[in-house]
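> give the three-dimensional model of this entry:
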Amino acid sequence: MAFLGGKTVNRRLATPLIAAFVGVGTLLPGAMAAPLVAASDSLVKQPVAVGTGGAVASVNLLATAAGIRVLKEGGNAVDAAVAAAAVLGVVEPFSCGIGGGGFMVIYNARNHKVTTIDSREKAPQAFRADSFIDPATGKPISFSEGVTSGLGVGVPGTLLAWQSAVDRFGTRPLAKLLKPAIDIADEGFLVNPIFAMQISQNASRFRDFTSTRALYLTPTGQAPAVGSLFRNPDLATTYRQIAKEGPEVVYDGPIGSDIVNTVQHPPTVPGITRNVRPGVMTTDDLAAYDVVARKPVATTYRGLQIFGMGPPSSGGSTIGESLNILEGFDLHDMSRTQALHRYLEASRLAYADRNKYLGDPDVVNVPLTGLLSKDFAAQRRALIGPTAATSPVAPGNPYPFQQAGSPGSGETDRESVSTTHLTVADRWGNIVSYTFTIEQIGGSGMVVPGRGFLLNNELTDFEFTPGLANSPGPGKRPRSSMSPTIVLSNGRPVVALGSPGGSTIITTVLQMLVNQVDFGMTLPAAIAAPRASQRNTSQTSAEPAFLATPEAAGLRALGHQFSQTDEIGAATGIAFLPDGLFEAAAEPVRRGGGSAMVVRPALAGEH
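Alright, predicted model coming up:
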């Protein structure tokens, strides 16, 4: 028997599709009948793939395979990205889905232009600057109480991002691109260790909501067993309804009404002791939501053009400022310890500025040009000494540099934030770098009853205290660290990449860029390398493998202090090699390892 969203089914009745063990091992010959046909009779999960015709890299084998299938059938990178993202909403539901939002950076090969789509969640109109202040105490509520509540749920934007991307840049209707995800949700997939672990981590929360308990926990209140069959027929029905009626069914229809009812009246189990605060979202908030086409944040680094996401993301500007600071040092010719010292100090300074100035640009005045000014970077660079600074360092003043020439046009520091990133390129040279999320692992913990998807807790990315750039406000988008990035050289793609990881996303992408540009690593090596994340805190978070290096000892001698964390980020990317080759890369180990595929794998000796 196998697990089925709170029920059991006879595995002999399952279709061949469920032989796809998500994120683990190999599909046996013939195991993957349509809708996810690979180049041969088997699909192998691998972190690196080199070849031609297009490429996809994600955290999950089925999502990557769905994107490759679209590319094989003649779809472009945007089509493939949307199909893969919809599958991720099924098989990686605790980090993404239509209950959340994200940022998409797109390179259009026809005109060599980069554009972005902002589908960040918004606060409801009734949300106030003091909405996270407990009236009984006059103090902010606890972070955990904000997370598991209707109060923390922002108006979701993911579905409209998919529709907007397809309308503007795609070649396939959204309904067709949802089909692989519908089939997987209907027919099921086998639970992998990460899926089971994320449920176990959230079991105490999931037990407190009737709809979440019914979908994700066994009758005894536990996570489903690794290797058991998991289906989500409610999500299949939801996707099917969206395919038939369009996004309006969510933003001005019955699915939206169910979202609002869940937010205002959380489906709690009678008798629980958890204080689950209701939210203030209305159907008018859903009807008023729209994605925003924003200019990318851009800077240059050692002759390369770096394009990222602008506010309300702090990713593009903070990476850009950090690179501008680092550009004044010859990292390549330094010892690795000295180079890493400057990497940590540059991010320390850039985070001080991020924390002070970044917020929703539609509500607050973000001095973006100043933050990305080379002259401002030189001023900040002068503060880097031979030893580590003591955090928190003070922010700089970018306002005098607002008119200076510049190439440029909330989230808390908790590391349990979960997100996902996928990277896609097609044979015409179009690229999508897409990061999307429901915030915490498991989001708000609330599944919309009968709809099969979790709602986000994105409003906890606001500072709970009023009066700051990233304080709450009606209709405001909370600051994010998501950093989908595309790098060009003379207008031609070099690499596209991104990562999940909350506020560590920025340093993950920054470190991967430094690894490649300054240390000469390949993209797979840059992804696999051990990570350290300095975010203007007294201690630098670092992985065990980083702390075991000689450089870590050298950095300690320079005054750096470290705290250990199991892993930082879970990146994917695509490098553009000579002779039209794509190198798709994902994590070899982190978060269970990712999946990279190309349309036509290169033969031995071709790369």
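> contacts, neighbours, all on C-alpha from now
Will do.
> could you report the neighbour count for residue 142?
12 (other Cα atoms under 10 Å).
> how far away is it from residue 269?
Distance of residue 142 to residue 269, computed by Cα to Cα, to the nearest Å: 21 Å.
> quick check, residue 426 in contact with residue 81.
No: between residue 426 and residue 81 there is no contact under Cα atoms under 8 Å: 10.2 Å.
> which of the two has more neighbours?
Using other Cα under 10 Å as the criterion, residue 426 and residue 81 rank with residue 81 on top: 35 against 28.
> A helix includes that one, no?
Yes: the assignment for residue 81 (DSSP: H, G, I helix; E, B strand; the rest coil) places it in a helix.
> so it touches residue 424, yeah?
Yes: counting by Cα under 8 Å, residue 81 does reach residue 424; the two are 6.2 Å apart.
> overlap in contacts of the two?
Any residue near both residue 81 and residue 424 by Cα atoms under 8 Å, 6 or more residues apart in numbering counts here, and that gives 67, 432.
> tell me the SS of residue 160?
At residue 160 the chain is in helix, as set by three-state DSSP.
> ok, it touching residue 291?
Yes: Residue 160 is within contact range of residue 291, at 6.5 Å (criterion: Cα under 8 Å).
> shared neighbours, these two?
Common neighbours of residue 160 and residue 291, counting by Cα under 8 Å, 6+ apart, are residue 119.
> so where's this protein shaky on pLDDT?
Applying pLDDT under 70 to the chain flags the ranges 1-42, 404-418, 604-607.
> and the longest helix for it?
Using DSSP state H to define each element, the chain has its longest helix at helix 336-357.
> pull the contacting residues for the residue lying closest to residue 199 once chain neighbours are set aside.
Spatial nearest neighbour of residue 199, excluding adjacent residues (Cα to Cα, 6 or more residues apart in numbering): residue 223 at 5.6 Å. Taking Cα under 8 Å, 6+ apart, we find residue 223 in contact with 196-197, 199-200, 203, 216-217.
> next up, phi/psi of residue 488, please.
Main-chain torsions, residue 488, degrees, to the nearest 10: phi -120, psi 160.
> which ones are touching it?
Contact partners of residue 488, counting by Cα under 8 Å, 6+ apart, are 304-306, 494-495.
> one more: residue 269?
Counting by Cα under 8 Å, 6+ apart, residue 269 touches 207-210.
> in TSV, list these along with neighbour count.
TSV is the format used below for the contacts of residue 269 (neighbours: other Cα atoms under 10 Å):
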residue	neighbour count
207	20
208	23
209	22
210	18
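> got the residues you listed as TSV, with distance to residue 70 and secondary structure columns?
Formatted as TSV, those follow (distance: Cα to Cα, whole Å; DSSP: H, G, I helix; E, B strand; the rest coil):
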residue	distance to residue 70	secondary structure
207	38	coil
208	39	coil
209	37	strand
210	37	helix
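> state the distance from residue 525 to residue 572.
According to Cα to Cα, residue 525 stands 12 Å off from residue 572.
> which one's more surrounded, these two?
Shown here are residue 525 and residue 572; by other Cα under 10 Å, residue 572 has more neighbours (32 against 16).
> quick check, that one in contact with residue 500.
No: counting by Cα under 8 Å, residue 572 does not reach residue 500; the two are 9.4 Å apart.
> how long is stretch 98-114 from one end to the other?
Taking Cα to Cα, stretch 98-114 runs 25 Å from one end to the other.
> all further residue positions should be reported with the first residue as 52.
Will do, 52 is the new start, and the previous item becomes stretch 149-165.
> list the buried ones in that stretch?
Residues of stretch 149-165 classed as buried by neighbour count (16 or more other Cα atoms under 10 Å): 149-160, 165.
> next: stretch 381-390.
Those would be 382, 387-390, for stretch 381-390 by 16+ other Cα under 10 Å.
> how far does that stretch sit from its chain's centre?
Relative to its parent chain, stretch 381-390 has a centroid offset of 30 Å by Cα atoms, centre = their mean, to the nearest Å.
> what of stretch 412-424?
Distance, centroid of stretch 412-424 to centroid of chain: 23 Å (Cα atoms, centre = their mean).
> now do stretch 543-559
Taking Cα atoms, centre = their mean, one finds stretch 543-559 lying 9 Å from the centre of the chain it belongs to.
> tell me the angle the host helix or strand of residue 559 makes with helix 387-408.
Assigned by DSSP states H and E, residue 559 belongs to helix 556-568. Orientation of helix 556-568 against helix 387-408 (axes from the mean of the first three to the mean of the last three Cα atoms, to 10 degrees) gives an angle of 150 degrees.
> can you give me the buried ones in the helix or strand following helix 556-568?
Next helix or strand after helix 556-568 toward the C-terminus (DSSP H and E): helix 574-579. Within helix 574-579, the residues that qualify as buried are 574-579, counting by 16+ other Cα under 10 Å.
> repeat that for stretch 242-260.
Under the neighbour-count criterion of 16+ other Cα under 10 Å, stretch 242-260 has 242-251, 253-254, 256-260 buried.
> sweet, I'm off.
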